[in-house]
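Visitor: how would this look folded up:
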Amino acid sequence: MRVSVVVPTFHEEAGIEAFLEQFDEQTLPRSEYEVIVVDGGSTDRTREIAARYADRVILQTSDGIGGARNDGVAIARAGIVSTTDADCRLPRDWLERIARRFEDPEVVAVVGPDGPMDGGWKARSLFFLIRGLIRVAAMAGVYTTGGGNSAFRRDAFLAVGGYRSLPHSDDVDIGLRIRARGRIVYDPGLFVRFSVRRLEKHGYARTLWTWLRGDVKLLAGRNVDAASYARQKY
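Guide: Next up, the predicted model:
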């Protein structure tokens, strides 16, 4: 077992089957990875459908989406843990590229870019700009270890305490903490597409401002504003 894939879910009945079917097309042999679905208590058929495809389906016990990922990492069998979301579309060589990057013993995390698979010109233009900023940040040694497209050495992930319970920007936070334990690699070939349904629901400007403000605070060594966690349907 080389890689454990951790996927948080909550009311994903409509899309979970198509998402999980992607793993039948990965170039890494199926015997070399496992898929763990961590469900936040869905009352639809998410867990029932996921059980047909995933190696394990468990109920989330920790707070926040980062907590769901922590729950999955806790039972992962592989030394490498990759994280993605149930509304993402992955390249066929996603897991193979991730596993290859970790052949370097100094690498503790691997991250890649993402972009919208829906939302029209507004979403495409916005994320074209965002990807450029992320690439510049990576060149400066600052990595946005996005929950939808990252991988970690499990021992390093656990050593830094995994994801903290933050209302947002927890993916940037763990990147800032884990980089002390080794090298983070940015691989542009790990391009993942995702749904912009969250941005459509909450508003592009409002959501991006929240993310940006939280990221800047973390980079400045300040705490992110506390907020109660509530699972959301999209």
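
Visitor: rest of the way, CA atoms for contacts and neighbours
Guide: OK.

Visitor: quick one, helices of the protein?
Guide: In the chain, the helices defined using DSSP state H lie at 16-21, 46-50, 64-75, 94-101, 120-139, 154-159, 170-178, 197-202, 204-219.

Visitor: pLDDT of the third one, averaged?
Guide: Pointing back at helix 64-75 there. Averaging pLDDT along helix 64-75 gives 95.

Visitor: which strands or helices does it pack on?
Guide: strand 3-9, strand 33-39 (3 or more C-alpha pairs under 8 Å, 6 or more residues apart in numbering; DSSP states H and E).

Visitor: single out the most deeply packed of those strands.
Guide: The highest mean neighbour count among those, using mean count of other C-alpha atoms under 10 Å, belongs to strand 3-9: a mean of 27.

Visitor: any idea how far it is from the middle of the chain?
Guide: In terms of C-alpha atoms, centre = their mean, to the nearest Å, the centre of strand 3-9 is found 9 Å from the chain centre.

Visitor: 9 is where my numbering starts, stick with that
Guide: Shifting the count to begin at 9 puts that one at strand 11-17.

Visitor: check the gap between residue 162 and residue 76 for me.
Guide: 15 Å (C-alpha to C-alpha, to the nearest Å).

Visitor: what does residue 54 give?
Guide: Taken as C-alpha to C-alpha, the span from residue 54 to residue 76 is 15 Å.

Visitor: compare these two and say which is more crowded by neighbours.
Guide: residue 76 (25 against 22; other C-alpha atoms under 10 Å).

Visitor: from residue 82, how far out is the more buried one?
Guide: The value you get for residue 76 to residue 82, if C-alpha to C-alpha is used, is 10 Å.

Visitor: for residue 181, same thing?
Guide: Counting by C-alpha to C-alpha - residue 181 and residue 82 are separated by 19 Å.

Visitor: with that, I have no additional questions.
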